[in-house]
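Enquirer: Can you look at this prediction? I've put the sequence above it.
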Amino acid sequence: MKLANRVAAITGGTAGIGLAIAEAFVAEGASVALMARNASKGAKALAKLGAAERVAFVAGDAMVQADVEGFVDETVHRFGRVDILVNNAGGAGDLRPLVELSDEAFDQCIKWNLYSTFWACRRALPSMLGNKWGRIINISSVEGKVGKPVLLAYTAAKHAVNGLTKSLAREVGTEGITVNAICPGLVITDIVRDNGPNTAKAMGLTFEQMVDLFAQESAIKRPNTVEEVAAMAVLLASEAGGGITGATLSVDGGTAQY
């Protein structure tokens, strides 16, 4: 029960990495609020988590400032505070070479990945500062450390998330608050299965070829799992993670070895 009596808010929390983190947090004793766009997926996630008195779902779009801020406010209203914020919402968006990428597509990707993180951090920090304790975990990506073709907007956004993480850690380090980023490699989630073929096509590959390419770039020669990412999140959210801040921690099987 490493997170007993803690309150966590997780954006993009109804599937994939976000849901795996929610499951791990609930198992460790935390109360957890989830935000995502799809209410039916939210209901399914709550049913899977069980622990009815310790879980909540708020429908919202991470690209809408009012929704992100309202989610943090609702978490505080429901559970009294926010101890742990996991900014998991995000995605690659429109995939195409730079010369074909529109301003609108670039803006959307930056909003989805970077602005959503910025808005949530700004809204949650007063609760953490008031209690002199907090954990902010930003789900970045291996693309926050290395570049890949046709992922320009996503790579730029995740590099920016890593920069925000480092600067904010310096701002709040004496207030009992840690700020870290987890940088997963390829994880085969539902969104990857749904959108991966488009990514692969933009790279001139089949989905299977893309998965194999990314796996071969790693030391372990396989995709990572959602459980491996969630285990890192539990560490960072716990008392044991109190000495880790401003870090961009890879869970990528040794793809970006720094």
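Expert: Looks like it came in fine.
Enquirer: residue boundaries of the strands in this protein?
Expert: Ranges of strands within the chain are 7-11, 31-36, 55-59, 84-87, 134-139, 177-184, 248-251, based on DSSP state E.
Enquirer: Neighbouring strands - and their directions - for the third one?
Expert: In this case it means strand 55-59. strand 31-36 (parallel) (DSSP bridges).
Enquirer: what does the partner strand rub up against?
Expert: 6-15, 18-19, 22, 25-26, 42, 45-46, 49, 54-60, 62, 67-68, 71, 74-75, 78-79, 89 (Cβ atoms under 8 Å, 6 or more residues apart in numbering). Backbone N, C-alpha and C define where each C-beta goes, glycine included.
Enquirer: Which one of the strands of the chain lies nearest to residue 205?
Expert: In terms of Cβ to Cβ, the element of the strands of the chain nearest to residue 205 is strand 177-184, at 20.2 Å.
Enquirer: elements contacting that closest one?
Expert: helix 116-131, strand 134-139, helix 152-172, helix 226-237, strand 248-251 (3 or more Cβ pairs under 8 Å, 6 or more residues apart in numbering; DSSP states H and E).
Enquirer: thinking again about what came up before, let's have the strands of the chain in a markdown table, adding mean neighbour count, mean pLDDT and distance to residue 234.
Expert: Below are the strands of the chain laid out as a markdown table (neighbours: other Cβ atoms under 10 Å; pLDDT from 0 to 100; distance: least, Cβ to Cβ, whole Å):
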| stretch | mean neighbour count | mean pLDDT | distance to residue 234 |
| --- | --- | --- | --- |
| strand 7-11 | 27 | 98 | 10 |
| strand 31-36 | 28 | 98 | 12 |
| strand 55-59 | 20 | 97 | 17 |
| strand 84-87 | 28 | 98 | 10 |
| strand 134-139 | 27 | 98 | 10 |
| strand 177-184 | 26 | 98 | 11 |
| strand 248-251 | 20 | 98 | 12 |
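Enquirer: looking at the ones you listed, which is closest to residue 218?
Expert: Closest among those, once you apply Cβ to Cβ, is strand 248-251, at 10.0 Å.
Enquirer: Give me the residues contacting that closest one.
Expert: 140, 142, 144-145, 162, 165-166, 180-185, 224, 228-229, 232, 236, 256-258.
Enquirer: Provide the backbone phi and psi angles at the residue most central in space within the chain.
Expert: Using Cα atoms, centre = their mean, the residue of the chain that lies closest to the mean C-alpha position is residue 88, 2.1 Å off. With angles defined as degrees, to the nearest 10, residue 88 sits at phi -100, psi -20.
Enquirer: Output the strands of the chain in CSV, with distance to residue 1 appended to each entry.
Expert: Listed next are the strands of the chain as CSV, based on distance: least, Cβ to Cβ, whole Å:
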stretch, distance to residue 1
strand 7-11, 14
strand 31-36, 12
strand 55-59, 16
strand 84-87, 14
strand 134-139, 16
strand 177-184, 20
strand 248-251, 23
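Enquirer: Relative to residue 210, which of those is closest?
Expert: Closest among the strands of the chain, once you apply Cβ to Cβ, is strand 177-184, at 15.8 Å.
Enquirer: Run the chain-centre distance for the closest one.
Expert: 9 Å (Cα atoms, centre = their mean, to the nearest Å).
Enquirer: C-alpha coordinates for that strand, PDB please?
Expert: Provided in PDB are the C-alpha atoms of strand 177-184 (Å, rounded to 0.1, in the frame of the first residue of the first chain):
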ATOM      1  CA  ILE A 177       6.900  18.300  -4.800                       C
ATOM      2  CA  THR A 178       8.700  16.200  -7.400                       C
ATOM      3  CA  VAL A 179       8.200  16.600 -11.200                       C
ATOM      4  CA  ASN A 180       9.400  13.900 -13.500                       C
ATOM      5  CA  ALA A 181       8.700  12.600 -17.000                       C
ATOM      6  CA  ILE A 182       8.400   9.000 -18.100                       C
ATOM      7  CA  CYS A 183       9.600   8.300 -21.700                       C
ATOM      8  CA  PRO A 184       8.100   5.100 -22.900                       C
END
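Enquirer: Much appreciated, bye for now.
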